[in-house]
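1. sequence first, predicted model second:
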Amino acid sequence: MAALDTKEHLAKVADVKSRDISVSDDESTFGTLVAEEQSHEIKFKTCSWQKTAALLFSEYICLAILSFPWSFSVLGLVPGIIVTLAVSGIVLYTSLVLWRFCLKYPEIRDVCDIGQMLFGGSKLAYNITSVFFILNNTFIQALHVLVGAELLNTLSGSARCTVVFSVVASIICFLISLPRTLDKMSYLGTFSAATMGLAVLLAMIFAGVQDHPFGYIVGQEPLVTAFPVKGTTYVSGMSAFLNITYTLVGQITLPSFIAEMKDPRDFPKALWAVTIAEVITFTLCGALMYHWIGNQYMVAPAFGSLTEEYKKIAFSFAIPTIIFLGALYSSVTSRFIFFRIFRTSHHRYSNTATAWATWAAIVGCTWILAFVIAEVIPFFSDMLSLMSSVFDSWFGFIFWGMAYLTLYPRATRWSGPWRSAETLANYFLIVLGIYILGAGTYVSVQSIIDSYNLGKVGSPFTCASNAI
């Protein structure tokens, strides 16, 4: 895999340590990059901050919100809320550091470019980051293949083979992934986030109005605790913490989003809007649904704790986000590969048959790979947690601590109490990322072992229903 597209781009990356933090010519730089595209049939730098916000909303307002009540049931109400607020704050801060890094180096196109810059222009670092980037996105696509089959099984109540439903989900997601610019994807993102918001709202309302949670046993009222119940193990507690963390960590796509903005300086507007919305939504969903469902009847996603009729109504509103979010990750991956295939070729910016055939082939390959991964790994959920531990530790914490240290060379890191405090905070982020890498890997591997011991692991390409 080529390290970067052109020799000129390589030279810019190699110059990373020689630039000054202050970039006084932002406006002319961004204007030049946008102007360069004006003669192209397909223009990529077309997203306003509102459209970028739509993409962020579609990424964060997703089905994983309905796993927060389970995390709260393990951690307890108070620690659950604290962890949600703390991780949200960290993700907001690191996303702003990422944005500052992208402003300083506007030639950045994706997180792989950043990986190369952070390790001194190393091609090896670029290639390793590229592998992590593609695997992370493909595993998320695979998750949406499985969740799509889960939704179809749940809503239809059919005895049809689950693999068939997985194929149907993959084909639909492939078709939604075909637009070549994020500008076009943003319209679908708005609809996806809106319907998922309705799904979460309905789930909370139904949890409150139903007589009892699904599976209710007479005399055993829902148990709700402020803190973890006695006997909560490190593995279960850490799993709940990591579930919240993995849901909120999403910085891996942000450089790709910023690279297609008309004016990247507006990115914080989109980021703040999404962060405020997600903090409110995630916290309310986790706390309220846990309050009404309790420890004994909690499942993830929390749709499964609703009675049959309510479950189907609320879950049906999640259809657009299940389809679109997987498509968004496919689009980001496909764009990365497409740009490296054509580099400076006119096909990159043109509506030629070659360009569209190549684009469709790349998108199709990502979904074929996602389908195979989803079906061939019988312990996919635990495997996804393992991959998240490896990838999110870097893309959620370590990279952005390193980015800060790159932005502020040694002489400037300790220039005053506030700068010193921020420097210490970024060293902490690196340590936290390393801890998540180790602890998350241990917990995920132990969960795989436990699943095998309890006989909960199925078989590859199974026809068994995975309905909730």
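-> Yep, it's here. Numbers count the residues shown, from 1 in each chain.
2. contacts and neighbour counts: CA atoms only from here.
-> Fine.
3. what's the closest residue in space to S166 that isn't next to it in sequence in contact with, if anything?
-> Nearest residue to S166, sequence neighbours excluded (Cα to Cα, 6 or more residues apart in numbering): A149, at 4.9 Å. A149 is in contact with T162, V163, F165, S166, V168, A169, N466, counting by Cα atoms under 8 Å, 6 or more residues apart in numbering.
4. which two among those are spaced furthest apart?
-> Pairwise distances across these (Cα to Cα) peak at 14.9 Å, for the pair V168 and N466.
5. any idea how far F133 is from Q251?
-> The spacing between Q251 and F133, counted by Cα to Cα, to the nearest Å, is 11 Å.
6. also V91?
-> Per Cα to Cα, V91 is found 18 Å from F133.
7. again, but for V147
-> Distance of V147 to F133, given as Cα to Cα: 21 Å.
8. likewise for N466?
-> Applying Cα to Cα, the value for N466 to F133 is 28 Å.
9. which one of the two has more residues nearby?
-> Between N466 and F133, counting by other Cα atoms under 10 Å, F133 is the more crowded of the two (21 against 16).
10. the more buried one and C112 touch, don't they?
-> Yes: taking contacts as Cα atoms under 8 Å, F133 lies within contact range of C112: 7.3 Å.
11. before we move on, which element is the residue nearest to S166 in?
-> helix 123-156 (DSSP states H and E).
12. mind listing which of the contacts of A149 are in helices?
-> In this view, the contacts of A149 that belong to helices under DSSP state H are T162, V163, F165, S166, V168, A169.
13. which stretches of the protein have low pLDDT?
-> Counting by pLDDT under 70, the chain contains low-confidence residues at 1-39, 157-160.
14. for the residue nearest in space to the middle of it, give me its contacts.
-> When Cα atoms, centre = their mean is applied to the chain, the residue found nearest the centroid is G250 (4.0 Å). Listed by Cα under 8 Å, 6+ apart, the contact set of G250 reads E59, Y60, G396.
15. first-to-last residue distance for stretch 449-459?
-> End-to-end distance of stretch 449-459 (Cα to Cα): 15 Å.
16. buried sites along that stretch?
-> Residues of stretch 449-459 classed as buried: V457 (neighbour count, 16 or more other Cα atoms under 10 Å).
17. and if you look at stretch 72-92?
-> Buried residues in stretch 72-92 (16+ other Cα under 10 Å): 72-77, 79-81, 83-85, 87-88, 90-92.
18. next: stretch 306-314.
-> Residues of stretch 306-314 classed as buried by neighbour count (16+ other Cα under 10 Å): L306, T307, Y310, K311, K312, I313, A314.
19. just the residues you listed now: which is nearest S444?
-> Set against S444, the nearest of the buried residues of stretch 306-314 by Cα to Cα is L306 (27.7 Å).
20. which residue is the nearest non-sequential neighbour of that closest one?
-> Distances taken as Cα to Cα, 6+ apart put F214 closest to L306, at 5.3 Å, once the chain neighbours are dropped.
21. who's in contact with that neighbour?
-> Applying Cα under 8 Å, 6+ apart to F214 gives the contacts Y297, G304, S305, L306, T307, E308.
22. on the three-state scheme, the closest residue in space to H347 that isn't next to it in sequence is what?
-> The shortest distance from H347 to any non-neighbouring residue, by Cα to Cα, 6+ apart, is to A355 (5.1 Å). Here A355 is recorded as helix under DSSP: H, G, I helix; E, B strand; the rest coil.
23. please report the distance of A355 from V111.
-> On the measure of Cα to Cα, A355 and V111 end up 24 Å apart.
24. okay, the two: which has more neighbours?
-> The residue with more neighbours, out of A355 and V111, is V111; 24 against 18, by other Cα under 10 Å.
25. I'd say the more buried one and I258 touch.
-> No: if you go by Cα under 8 Å, V111 and I258 don't touch, sitting 10.7 Å apart.
26. returning to what we had before: ok, of the contacts of A149, which come out buried?
-> By neighbour count, with 16+ other Cα under 10 Å, the contacts of A149 hold T162, V163, F165, S166, V168, A169, N466 as buried.
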